[in-house]
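Asker: Based on what follows, work out the 3D shape:
(one chain, ligands or ions: 1)
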Amino acid sequence: MSRFLRSNILIKTPAEIEQMQEAGAIAARALRLACEAVEPGISTQEVNDVAEAAIREASAVPTFLGYSGFPASICASINSEVVHGIPSKGVKLCFGDVVAIDVGATYKGWIGDNADTVAVGEITDDSQQLIDVTRKALYAGIAQCVPGNRLGDISHAIGKVGRAAGLGIIQQYVGHGVGKSLHEEPSIPNEGKAGKGPILKAGMVFALEPMFTLGIDDVVTRDDHWTVVTKDGSRSAQIEHTVAVTEEGPLILTKE
Ligand code: MG
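Answerer: Modelled structure (predicted):
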């Protein structure tokens, strides 16, 4: 069955996109501060608290806290953890780790959703390549966010970069529409066919989030019912921006 059968994609007005930009700026700052706090020995709870403080200082609300029962304000996913890692006082980052930090902020009802994967101290060349390629794929996807393109053009652009580098591409977790709800239509797979799917229109807003691995793309969910890990234990990276399709081209909303 086509992944693109449903195409009930909400269109935001220019004024609404401006409001989403405010939420995006808050989410971006919180993510930056959380990433800057990363160092060997810090717990993922402490990283969480840095991001949460930044969000609350801006009179915003951490989008993820309580979302479907999620117990924290950020997701912190280390090494083979792909997404939805739960911050904890007992989990300390180690020299050589990579950690994906995902932060959402809700401001005046609108949501900014972004993520980055950062090195803890020095990392191996293949880990650095994983991060670099994931970022390159995100920007390839963003470049396709122009009116008249199709949704599949985004997926295709992201997946092509990952495949060319020989990386695993997570299929079970995908990008998504975002607005007043964290997950709106459509789902945006990180691999797909160019020229397929709904036509992009100005006012659509997407959270693009390639998730690539150094191994295969099979994942399992841990007993905590949240943390998704690679089946083969290979490292994973996730990088995300919230992006609006506008007449002037792609507009990254999760920017300070
Ligand atoms: Mg997201």
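
Asker: for the stretch 1-150 of the chain, what spans make up the helices?
Answerer: With DSSP state H, counting those that start in this stretch applied, the stretch 1-150 of the chain shows helices at 14-37, 44-57, 125-143, listed in chain order.

Asker: Could you name the helices and strands sitting against the longest one?
Answerer: What it means is helix 14-37. Helix 14-37 makes packing contacts with helix 44-57, strand 98-107, strand 110-119, strand 241-246, strand 249-252 when contacts are defined by 3 or more C-beta pairs under 8 Å, 6 or more residues apart in numbering; DSSP states H and E. No exception for glycine: its C-beta is placed from N, CA and C like everyone else's.

Asker: out of these, which comes closest to the ion?
Answerer: Each of the helices and strands packed on helix 14-37 was checked against the ion via C-beta to the ion, and the shortest separation belongs to strand 110-119, namely 4.3 Å.

Asker: Briefly note if the closest one comes near the ion.
Answerer: Yes - remark: strand 110-119 sits within contact range of the ion at Asp113, by C-beta under 5 Å from the ion.

Asker: With mean pLDDT and distance to Gly104 added, can I get the helices of the stretch 1-150 of the chain in a markdown table?
Answerer: A markdown table is the format used below for those (pLDDT from 0 to 100; distance: least, C-beta to C-beta, whole Å):
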| stretch | mean pLDDT | distance to Gly104 |
| --- | --- | --- |
| helix 14-37 | 98 | 6 |
| helix 44-57 | 98 | 9 |
| helix 125-143 | 98 | 17 |
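
Asker: can you put these in a markdown table and add distance to the ion and mean neighbour count?
Answerer: Below are those laid out as a markdown table (distance: least, C-beta to the ion, whole Å; neighbours: other C-beta atoms under 10 Å):
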| stretch | distance to the ion | mean neighbour count |
| --- | --- | --- |
| helix 14-37 | 10 | 21 |
| helix 44-57 | 15 | 21 |
| helix 125-143 | 12 | 19 |
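
Asker: how about the residues of this structure near the ion?
Answerer: Checking the chain against the ion by C-beta under 5 Å from the ion, the hits are Asp113, Ala207, Glu209.

Asker: neighbour-wise, which of those residues leads?
Answerer: Using other C-beta atoms under 10 Å as the neighbour criterion, Asp113 leads the residues of the chain next to the ion with 30 neighbours.

Asker: pretty sure it is touching Val243, no?
Answerer: No - if you go by C-beta atoms under 8 Å, Asp113 and Val243 don't touch, sitting 10.3 Å apart.

Asker: what's the overlap in contacts for the two?
Answerer: Between them, Asp113 and Val243 share these contacting residues under C-beta atoms under 8 Å, 6 or more residues apart in numbering: Ala207.

Asker: low-scoring pLDDT stretches of the protein, where are they?
Answerer: In the predicted model, the chain carries pLDDT under 70 at residues 1-7.

Asker: re earlier: of all the helices and strands packed on helix 14-37, which one is nearest Gly195?
Answerer: Nearest to Gly195, of all the helices and strands packed on helix 14-37, is strand 241-246, at 16.7 Å by C-beta to C-beta.
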